[in-house]
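>>> Here is a sequence together with a model predicted from it:
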Amino acid sequence: MDNLEIIGLIAAALTTSAFVPQVYKAWKLRSTKDISLTMYLVFLTGIILWLFYGIQIGSLSMTIANSVTAVLSLIIIMLKIKYK
């Protein structure tokens, strides 16, 4: 594994983990009133495209980060719909 991929994995861990507090808060409070459904739908579309791109170029960091971020985004979207 080269240095760039290691930097990518660190960046992936940091940016992906940033979504965990939002998921936890929405889950715990059962409230998503201040979360934009449109923003998360557009964001999820972009994440899926980045995931496809990462797979195509063989980037482990992009594949892992975008897979986990897609799951976290889907959880937020499901909670937004559930708690509407």
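Structure's in. What do you need? As the structure is a prediction and not an experimental result, all values here were calculated from the model.
>>> quick one: least confident helix or strand in this structure?
None of the helices or strands of the chain scores lower by mean pLDDT, DSSP states H and E than helix 3-17, at a mean of 90.
>>> what residue is smack in the middle of this structure?
Geometric centre of the chain, nearest residue: residue 69, 1.9 Å, by C-alpha atoms, centre = their mean.
>>> which regions of the protein lie under the pLDDT threshold?
Nowhere does the chain drop to pLDDT under 70.
>>> rerun that using 90 as the cut-off
Low-confidence segments of the chain (pLDDT under 90): 1-5, 8-9, 12, 19, 84.
>>> May I see the buried residues of the longest helix seen in the chain?
Criterion DSSP state H: the longest helix present in the chain is helix 60-82. Using 16 or more other C-beta atoms under 10 Å as the test for burial, helix 60-82 gives 61-70, 72-73, 76-77, 79-80. All C-beta spots, glycine's among them, are computed from the backbone N, C-alpha and C.
>>> Does anything pack onto that helix? Which helices or strands?
Judged by 3 or more C-beta pairs under 8 Å, 6 or more residues apart in numbering; DSSP states H and E, the packing partners of helix 60-82 are helix 3-17, helix 20-29, helix 37-57.
>>> Serialize those helices to a markdown table and add fields for distance to residue 84 and mean neighbour count.
Listed next are these as a markdown table, based on distance: least, C-beta to C-beta, whole Å; neighbours: other C-beta atoms under 10 Å:
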| stretch | distance to residue 84 | mean neighbour count |
| --- | --- | --- |
| helix 3-17 | 26 | 14 |
| helix 20-29 | 12 | 13 |
| helix 37-57 | 9 | 14 |
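>>> Verify the stated contact: residue 54 with residue 68.
No: applying C-beta atoms under 8 Å as the test, residue 54 and residue 68 come out as separate, 11.9 Å apart.
>>> so what's residue 67 up against?
residue 51 (C-beta atoms under 8 Å, 6 or more residues apart in numbering).
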